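>>> With the sequence up front, the predicted model follows.
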Amino acid sequence: MGRVTDLDSFAALLGPEGQTLLAALRDYDPAQELAVASRLRRDHPAELVSAALGQARLRQRAVAKFGAEDAYRMYFTPHGVEQSTRASVGAYRAARMKALGVRSVADLCSGIGGDAIALARAGISVLAVDRDPLTAETVRANAEALGLADLIEVRCADVAEIDTSPYDAVFVDPARRGGRGRIFDPEAYSPPLSWAIEAARKAPRAALKIAPGIPHEAVPEEAEAEWISDGGDVKEAVLWFGTEPGARRATLLPSGTTLTGRGLPDPAVRPVGRYLYEPDGAVIRAHLVAEVAEELDGGLIDETIAYVTADEPRETPYASAYEITDELPFNLKKLKALLREREVGVLTVKKRGSAVEPEEIRRKVKPKGPNSATVLLTRVAGAPTMLIGRPVHKP
């Protein structure tokens with residue numbers, strides 16, 4: 001029930017009756033879908049009701065990526081919601097393109113148009129290409145709905161057939177999901193990463209959106225690799241061509257703060273100090289923990305663990321800080337006794353390099369009391385360890 005299945009259903013959604021249904025379904029409860037569908041089918045065609053319900057659900061899911069104002073005006077496909085770029089990330093990338101002097105972009109594998117929208121809002125003209133007819137119509141509808149049709153040209157075609165020479169830059173976002181879910185082999189992307197790299201090499205500038213888990217050895221020498229997090233969650237990696245060959249960068253949104261690699265050696269391992277720093281995921285993915293450790297005058301607690309320890313508190317946008325009060329060998333009975341003694345009822349459990357799940361710890365220690373604490377399950381010099389402390393809040 002409630003699926004947009006073909007072009008006719010989608011076209012009907014764009015008509016007056018479809019628009020009336022979508023407006024009525026803006027705040028509907030999916031748990032009540034059967035009752036809502038039955039009621040609406042008394043006055044509207046069943047296929048149109050089904051399509052509208054599907055679109056309404058997709059819009060609700062899309063709010064997390066696009067915000068309510070845009071999501072409830074836009075149109076989506078199920079794959080499009082899953083694979084589209086978060087609006088904040090798209091806006092950041094579009095601003096960077098603009099700063100590089102880019103005025104026109106060939107957006108290959110445009111999906112439902114998230115990046116095309118961000119580029120157009122930055123004043124860049126876009127050719128949005130997707131080989132799926134329904135997806136292409138979705139991009140066209142989104143450009144119209146957001147008042148960007150003058151800047152976004154939509155073409156339903158195979159990206160391999162597109163001449164990108166008239167454009168200042170190429171953007172490629174290969175499909176990384178298939179019928180069985182997420183695809184991890186870059187050569188199994190659609191199109192393959194190797195094809196996207198060749199397309200990028202032919203353009204004055206290019207950006208390729210890739211999974212953040214890409215091995216560093218798979219990054220071409222002439223590319224800059226940038227890992228992007230938003231609100232502490234790593235969202236994607238981008239290979240830039242025509243910028244800084246060989247550079248490694250971590251960018252943290254919403255601030256836009258960027259850390260660039262300097263080729264530092266791995267930090268030394270040292271005893272746990274008074275402060276522990278957990279680098280942002282983008283910093284870790286970009287292999288820039290050494291740069292953060294140098295900034296903090298710190299070292300690693302274990303050569304395989306991305307926790308930095310130091311004796312003095314220092315402000316950094318690239319890591320979360322904890323003041324450590326206790327360092328104990330892993331032992332649940334001791335942890336339970338300590339938390340009971342300190343009347344800890346609000347317990348945050350984090351882990352890195354430990355097989356124990358945080359929920360298991362909470363269930364077994366049964367925290368109770370007015371106080372709070374953070375337990376970090378990790379390894380220190382190879383030994384399973386519990387570090388207990390509290391977050392150091394940034395001003």
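Thanks, I have the structure now. Keep in mind that this is a model prediction, so the values were computed, not measured. Numbers count the residues shown, from 1 in each chain.

>>> what's the closest non-adjacent residue to Leu148?
Leaving out its chain neighbours, the residue that sits closest to Leu148 by CB to CB, 6 or more residues apart in numbering is Ala120, at 4.3 Å. Backbone N, C-alpha and C define where each C-beta goes, glycine included.

>>> list the contacts for that neighbour?
126, 143, 148, 151-152 (CB atoms under 8 Å, 6 or more residues apart in numbering).

>>> can you put the residues you listed in JSON lines and add pLDDT, distance to Gly298 and neighbour count?
Below are the contacts of Ala120 laid out as JSON lines (pLDDT from 0 to 100; distance: CB to CB, whole Å; neighbours: other CB atoms under 10 Å):
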{"residue": "Val126", "pLDDT": "98", "distance to Gly298": "44", "neighbour count": "28"}
{"residue": "Ala143", "pLDDT": "98", "distance to Gly298": "49", "neighbour count": "23"}
{"residue": "Leu148", "pLDDT": "98", "distance to Gly298": "47", "neighbour count": "17"}
{"residue": "Leu151", "pLDDT": "98", "distance to Gly298": "47", "neighbour count": "18"}
{"residue": "Ile152", "pLDDT": "98", "distance to Gly298": "47", "neighbour count": "24"}
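
>>> JSON lines please, covering the residues you listed and showing secondary structure and distance to Thr325.
Shown next, in JSON lines, are those (DSSP: H, G, I helix; E, B strand; the rest coil; distance: CB to CB, whole Å):
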{"residue": "Val126", "secondary structure": "strand", "distance to Thr325": "53"}
{"residue": "Ala143", "secondary structure": "helix", "distance to Thr325": "55"}
{"residue": "Leu148", "secondary structure": "coil", "distance to Thr325": "53"}
{"residue": "Leu151", "secondary structure": "coil", "distance to Thr325": "56"}
{"residue": "Ile152", "secondary structure": "strand", "distance to Thr325": "55"}
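
>>> Show me the strands in the stretch 201-350 of the chain, by range?
Along the stretch 201-350 of the chain, the segments classed as strands by DSSP state E, counting those that start in this stretch run 205-210, 224-230, 233-241, 248-253, 257-260, 275-279, 299-300, 308-310, 319-329, 344-351.

>>> Out of the contacts of Ala120, the closest to Pro30 would be?
Pro30 lies nearest to Ala143 out of the contacts of Ala120, by CB to CB, at 27.7 Å.

>>> Tell me what the nearest residue to that closest one once chain neighbours are set aside is bridged to.
Distance criterion CB to CB, 6+ apart; nearest residue to Ala143, sequence neighbours excluded, is Ile152 at 4.0 Å. For Ile152, the beta-bridge partners are Val126 (DSSP bridges).

>>> shaky segments in the stretch 151-300 of the chain?
176-184, 188 (pLDDT under 70).

>>> Now do the end-to-end distance for stretch 215-226.
13 Å (CA to CA, to the nearest Å).

>>> now the strands of the stretch 201-350 of the chain as a markdown table including mean neighbour count?
Compiled in a markdown table, those are given as follows (neighbours: other CB atoms under 10 Å):
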| stretch | mean neighbour count |
| --- | --- |
| strand 205-210 | 25 |
| strand 224-230 | 23 |
| strand 233-241 | 21 |
| strand 248-253 | 23 |
| strand 257-260 | 16 |
| strand 275-279 | 23 |
| strand 299-300 | 19 |
| strand 308-310 | 25 |
| strand 319-329 | 17 |
| strand 344-351 | 16 |
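
>>> Can you show me the helices along the stretch 251-395 of the chain?
Ranges of helices in the stretch 251-395 of the chain, per DSSP state H, counting those that start in this stretch, are 281-285, 289-296, 332-341, 358-365.

>>> On the three-state scheme, the nearest residue to Leu58 once chain neighbours are set aside is what?
Closest residue in space to Leu58, ignoring its immediate chain neighbours: Phe76 at 3.9 Å, by CB to CB, 6+ apart. Judged by DSSP: H, G, I helix; E, B strand; the rest coil, the three-state class of Phe76 is coil.

>>> For the residue nearest in space to the middle of the chain, which residues are in contact?
Centroid-nearest residue in the chain, with CA atoms, centre = their mean: Lys235, separated by 2.0 Å. Residues near Lys235 by CB under 8 Å, 6+ apart: 86, 89, 212, 228-229.
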